[in-house]
Structure formats: structure tokens, C-alpha cells
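Visitor: 3D, please:
(2 chains)
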Protein chains: 2
Amino acid sequence: MELIQNNRCFDGEQRIYRFNSSSLNGESRFGIFLPAQALAGQDCPALFYLAGLTCTEETFAIKAHAQRLAAQLGFILISPDTSPRGEQVAQGDHWDIGQGAGFYINATQAPWAAHYQMEQFVAEELYALVCEQFAVQTDSIGIFGHSMGGHGALTLAFKYPEKFKSVSAFAPICAPSQCPWGEKAFSAYLGDDRQGWQAHDATALVQQKGKQFADILIDQGLQDQFYSQLNPALFQAACAQAGQPLSLREHAGYDHGYYFIQSFIDDHLQFHAVQLQS
Amino acid sequence: MELIQNNRCFDGEQRIYRFNSSSLNGESRFGIFLPAQALAGQDCPALFYLAGLTCTEETFAIKAHAQRLAAQLGFILISPDTSPRGEQVAQGDHWDIGQGAGFYINATQAPWAAHYQMEQFVAEELYALVCEQFAVQTDSIGIFGHSMGGHGALTLAFKYPEKFKSVSAFAPICAPSQCPWGEKAFSAYLGDDRQGWQAHDATALVQQKGKQFADILIDQGLQDQFYSQLNPALFQAACAQAGQPLSLREHAGYDHGYYFIQSFIDDHLQFHAVQLQS
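Guide: Numbering: from 1, shown residues only, chains lettered A, B, ... in the order given. Predicted coordinates:
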């Protein structure tokens, strides 16, 4: 693990590391914000943030404006890259597939399977690495994300509720089996057996697994230019049927980007603080 | 004036406009954050933010994390581009001169003089346009900036104290006549008469003009990788001699970038709020 960038920020440190990932079969980078409390060796709650299509490990640190309140609350924030990277890694034909578009699942199909193991990467390898290397309060780890990363956060939370104790999302892809982005990615990474997709679809997962969390927070802008890809109503209906409490907030005028995210980021950190303490 | 981007943000709007600038002899873009109060037609105080080398009109909006408190305080934030742009505009040999490096002065030398009229652009043309087009409380306008833009903020404030009622800066180039960046830019834009440079050097200006402001806030990181270009001590000594109050805060561990700026941006907005009310 090599520290390649380190910037003091709100008396903490915003860092970028690179390391050789066995899951991804190559080098990967992640961002991490360590509040002053963690730098002083005090175990802190931690949140994994999964970014959306085209983003990198640094997008969240630059654009989401989370560090101010994270410093105050004493939260560690971890932001992985959105896919494997490098010349040896398969490229897609468009920005919605391949590098920058890993969809937080383990690919089973060629040519993707050789590197695209993002579920294992986030939930196993990076999770373990961060818990080992930093002052993480390991029973207080949450997950959140945006768009493709909102799908990642919801699905990984339902797959690994023992690891992620709280979950929230901004404009998540709630039912990837039923939208063009998800159908394209799942066909490529998982193949054409649509039944197998259900294990990686938040709406299907909540139906299968029932209530896993005391609450889930989702913020959704109503001027979101990708609204037709997101299907929050399907997830909401599945939660209602499964008895999974959900706080779905719809915001008039807000779109899909980081100006939307920064407007509500504090609410998400406060939500995780409450969920992780209860 | 054409609106080319508009994102809802903290119940206000973060916008980008382009227009044909007579000062710059070509198209220019600027960012503007309009808080909900301004959108509702209530006159609001306004701050011009001048960015540093290589930045554009959008850098501040993405990286400085100012909108949250600006929304709360009801501040309009205006962020011009850092130079004229376009194919017809002279390019420099490096990122410290030419496009992205206008230094907020009016060039007198070829080939720069045809477009590089950034002082007139900011202090006259854009200032008037913003006051005319938006709900600006025209007796409550301040200016701040970073690095090259910190130089711009300090010098424009001392040149136009009737227009800019408050001034602050992050890691400003305090004495451009006495550092490599400034010497290169001033030689190119203004020619070799170093005496003429003094009218565009914050340290020289405070010596000439004496006390103009009740206070000036400067934040400076002590791990700033460009510290040798900045000379805060020269400005501090000139302020002391001139009787100009200055709050120069030095911060251990902080560098030159936007993770430093975001850490102290709230203090700057609060500083301007106090100065503009007094």
C-alpha cells in the first residue's frame, strides 16, 4: 500500500493510496479521509462511498463536500475507484460499461471476469485492508453511494448486513435488471441468465431478504436527467412489501450531479451517525 | 449573456454564463451562485472570487465548498475565468503565463494587450453586468481569491475600495514584483519598467495607499509547495507600516490546494459578512 497523495483538510487528512489488488488482478487506488480523531489513534466509525459511472477514487473527495461534517463527527470516509483500471483491463464501447463502470459486482463472463471483481474488492479486500490499516471502529461501518454507486451501496448492504450497519444513497439505480444501464452491464458482466441478475438488484434483494435495516435514506432529485434509469418507485414498493423502512426524499429542481449531492451530504452523514449509534 | 449550465444547489442555483466581453475582445464565461434569497428577488451581498493559475470559472464552484454557508448567509458568489480564452487569444509557453494565467491586470504589451484586460474585465465590465442582471446589494460587494487570484483580490480591492468593501485571500501572491511567477507575468504583460509594476503589487499598493479596510483576512498553509512565490511576510510588514489591519493566519500542515481552501472557506464568508455589515 503506497500513499500517493496527502492533503491536510479540516485538521484531518485527505489521502489517496494505491495497492496491488488480488481481487482486481492489478493496481487499484482509493481515497480516504481520516479525521483528526483517527490520526490520533482513536477508533472512528467509517463510511464507504461508492461513486457513479465515469468517476474515480477522487471524485467524492473533491465534489461531495463531506469532509467538514466528517471531521466534526469523527468519520473516516473511504472512496474506492469505480472499476479495475489499466492497459491490461478490458475497455467498454461507451462510458456506461468497462473502465469507470464496474457496477460493484463480480463478473463471470469473458473478457470481464479477469479483472472486474468489484464486489469482492469492496466488500472483502478493501474492507479488510482499511480495517487493518486505519483506526476503524469495526462494528460501526456504513455504506453509501451515488447512481451506479447507490446501486452498489444498496446491494452490498443487503448482501453483507453484518459488515455494513447502515446504508443510504443519492439517486441510486434501484432496479438494474429493469433499466438500460443495468441490462447492458449485467448482460456483459453476468451473461444473459436474467434470473441470476436478481442477486445483484436492490429491488429484488429487499424482496428476497426482507427487512435488514432500521431505516434506509435515499435522496432523489426530480430534475434528474437520468431519472428513467433509476426506478426509485420500484424499490419503494419492494421495501413497503418487505417491511423495510425507507426514507425516500424527492427534491424538486435537483438534478443528478454533485451540486445535488453536496446539498444533502450533511443529512447522509447525520443519518449514518444515528444508525450506527443505535 | 447566455445561461449554459444551471444546477440547483442548497435551494439556490449554481450557474455558468457566457457572454461577449468587450474588455477581453471575445467570449468569456463566469460562474455564479444565487442563493434562494436572490432567486426570490431580494438584494443580496455579493462576493467576487478570483481563482489561481490554471483554474477556470467552475473550479471554485466544484472545489471550494462555499455554497452551503453562502446559502445560509444569503451571499451571491461570482467566479470569473482566470484569463481570456480561445484560439485567437495568445498562448503562453507554460501554465504560469497566458491562458489560465491572466493575473487580473491590463496588459500593455504585444501580443497580450489585444485580449488580456482582466482588471477592466473584472472590476468594470463583469462587476457592472452582475449588478445589472442579478439581485445584488450594490453597497455590499466584497472580493476574495486564491494564489494568483489572491493577488487579484488584494490589488483590485486597493485599486477600487469604493467597489469592493471587504477583501480576503487564500495563499495570495503578496508581492508579485518580487517572485518568479509575478516577474514573468509582469514582464510579459506590462513590459520591463519595474516601476510601473508597483501599481499592481499588493505590497506596494498598501504602502502607497495606506489603510483602506477595517481588516483583511489572509489564510496561509505552512506546507504550501509554492510558499516561496507568496511572500506573506512582505505584505504583513507593509500593512504594519501603513497602519492597515491584517489578520494573517498561518496553518501548520496545510498546502496550496483546495483541500486547504475548503477547510477555511466558512471563515472567509463569515469575515465578509462582518465586514460588509460594519
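
Visitor: which residues does A:E57 contact?
Guide: Neighbour list for A:E57: A:I16, A:R29, A:F30, A:G31, A:A51, A:S79, A:P80, A:D81 [criterion: Cβ atoms under 8 Å, 6 or more residues apart in numbering or on different chains]. Backbone N, C-alpha and C define where each C-beta goes, glycine included.

Visitor: With A:L34 as the reference, measure out to it.
Guide: 15 Å (Cβ to Cβ, to the nearest Å).

Visitor: Kindly indicate the member of the contacts of A:E57 with the most neighbours.
Guide: A:P80 (30 neighbours; other Cβ atoms under 10 Å in any protein chain shown).

Visitor: Wait, it touches A:S28, no?
Guide: Yes: if you go by Cβ atoms under 8 Å, A:P80 and A:S28 touch, sitting 7.2 Å apart.

Visitor: if I look at those two, which residues touch both of them?
Guide: With Cβ under 8 Å, 6+ apart as the test, A:P80 and A:S28 both reach A:F121, A:L126.

Visitor: where exactly do the strands run in the stretch 101-250 of chain A?
Guide: A:136-146, A:166-170, A:217-221, A:247-251 (DSSP state E, counting those that start in this stretch).

Visitor: do the third one and chain B meet at all?
Guide: Yes: contact of strand A:217-221 with chain B (Cβ under 8 Å from any Cβ of the partner chain) involves A:G221.

Visitor: same deal with the longest one?
Guide: No: contact between strand A:136-146 and chain B is absent, the nearest approach being 14.6 Å (criterion: Cβ under 8 Å from any Cβ).

Visitor: residues of that strand that come out buried?
Guide: A:V136, A:Q137, A:S140, A:I141, A:G142, A:I143, A:F144, A:G145, A:H146 (16 or more other Cβ atoms under 10 Å in any protein chain shown).

Visitor: Kindly indicate which of these lies nearest B:Q225.
Guide: A:V136 (30.3 Å; Cβ to Cβ).

Visitor: Nearest residue to the closest one in space, please, no chain neighbours.
Guide: A:A46 (4.8 Å; Cβ to Cβ, 6 or more residues apart in numbering or on different chains).

Visitor: Just checking: what are the partner strands of the helix or strand where that neighbour lies?
Guide: A:A46 belongs to strand A:44-50 when assigned by DSSP states H and E. Using DSSP bridges, strand A:44-50 pairs in its sheet with strand A:76-80 (parallel), strand A:136-146 (parallel).

Visitor: Can you give me the distance of the spatially most central residue of chain A to A:Q37?
Guide: The residue lying closest to the centre of chain A (Cα atoms, centre = their mean) is A:L50, at 2.4 Å. A:L50 sits 24 Å away from A:Q37 when distances are taken as Cβ to Cβ.

Visitor: For chain B, what is the nearest residue in the stretch 51-200 of chain A?
Guide: A:H65 (4.5 Å; Cβ to the nearest Cβ).

Visitor: does the residue nearest to the centre of chain A have beta-bridge partners, and which?
Guide: A:G145.

Visitor: residues touching it, list them.
Guide: A:79-80, A:82, A:104, A:122, A:143-146, A:148-150, A:152-153, A:156.

Visitor: do A:S278 as well
Guide: Applying Cβ under 8 Å, 6+ apart, the residues near A:S278 are A:A214.
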